[in-house]
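> My questions concern the predicted model and sequence given below.
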Amino acid sequence: MSKAPKYSYRVVEKRNNTWTAEIQRQATSKKKVVSKRQTSFASEDEGIAWAKVELEKILVNHIERNKRHDEERAEQYQEKLKKAELAAAKASLEASEEATADEQEENASFALTEEQQLKAIADLQELEQLENDDSEDDSESASKPKFDFEVELEQAELAEKEALKKAKAKKSKKADATDADDDALTADGSDKVSDIYLQK
């Protein structure tokens, strides 16, 4: 990179025996641009003196402008840093709030509030009351007077059960009787039948 100064001056003699002073700015590595020009100097020394004074003014202005730009850049950089810090702080705060909210939800799912506990106790008591009412209804239904058709149904069921018992009793008596007939003696009381069977 070239270390040549950005601004320089030159004094040139013109045809009418006058001198022209120019302040030049290095635009590119090969191109210079005239920033300021003054003509009609009687001597080269006058042109050089003017060029030095003007070059000094331009350099002072350039330095001041660079300082202002540097300060503005520094302020912009500080603002960007503050914004980045605020954004990072906000993100960490949101993350911590989210984590605490998740924790509270987990704790809330396991731990019942006082209101929920009271409601659960009330529900249990209501269930117990309903069960007690059902058992009381059963005992009351046994002591309550019955309708005629209910009495008839009960009597029919009892009659049917008794008929089944009688039928079973008859069957068992018949079975006992047939067993007794097989073991019975002949008409004269002898055991000839069994002897006949034994001879075969």
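Yep, that arrived.
> Does N17 belong to a helix, a strand or coil?
Secondary structure state of N17, per DSSP: H, G, I helix; E, B strand; the rest coil, is coil.
> That one - how many residues pack around it?
Around N17 there are 8 other residues, counting by other Cβ atoms under 10 Å. Using the backbone N, CA and C atoms, a C-beta is placed for each residue, glycine as well.
> And it, how far from E44?
From N17 over to E44 the distance is 11 Å, taken as Cβ to Cβ, to the nearest Å.
> Show me how the protein divides into domains.
7-70, 153-184 (automatic domain parsing).
> Now do the longest one, average pLDDT.
Read that as domain 7-70. The average pLDDT for domain 7-70 rounds to 91.
> centre of the chain versus that domain, how much separation?
70 Å (Cα atoms, centre = their mean, to the nearest Å).
> how about the helices in this structure?
44-110, 114-143, 148-183, 192-199 (DSSP state H).
> Please identify the deepest-packed of those helices.
helix 44-110 (a mean of 11; mean count of other Cβ atoms under 10 Å).
> Show me what that helix is packed up against.
If you count contacts as 3 or more Cβ pairs under 8 Å, 6 or more residues apart in numbering; DSSP states H and E, helix 44-110 packs onto strand 7-13, strand 19-26, strand 32-41.
> center of this protein, which residue is that?
The chain has D102 as the residue nearest its centroid, 8.5 Å off, counting by Cα atoms, centre = their mean.
> gap between it and A91?
Distance, D102 to A91, using Cβ to Cβ: 16 Å.
> now swap in A101 and tell me
To A91, A101 is 15 Å away according to Cβ to Cβ.
> and what of A177?
102 Å.
> With S35 instead?
For S35, the distance to A91 - Cβ to Cβ - is 50 Å.
> now do L130
From L130 to A91 the distance is 54 Å (Cβ to Cβ).
> do V60 as well
For V60 relative to A91 (Cβ to Cβ), the value is 46 Å.
> what's the answer for L124, then?
Note on L124: its distance to A91, by Cβ to Cβ, is 47 Å.
> does V34 really touch I23, like I thought?
Yes - contact criterion Cβ atoms under 8 Å: V34 and I23 qualify, at 7.1 Å.
> More neighbours: these two, which one.
I23 (22 against 10).
> Excluding chain neighbours, what is closest to the more buried one?
Leaving aside its chain neighbours, I23 sits nearest to K36 (4.2 Å; criterion: Cβ to Cβ, 6 or more residues apart in numbering).
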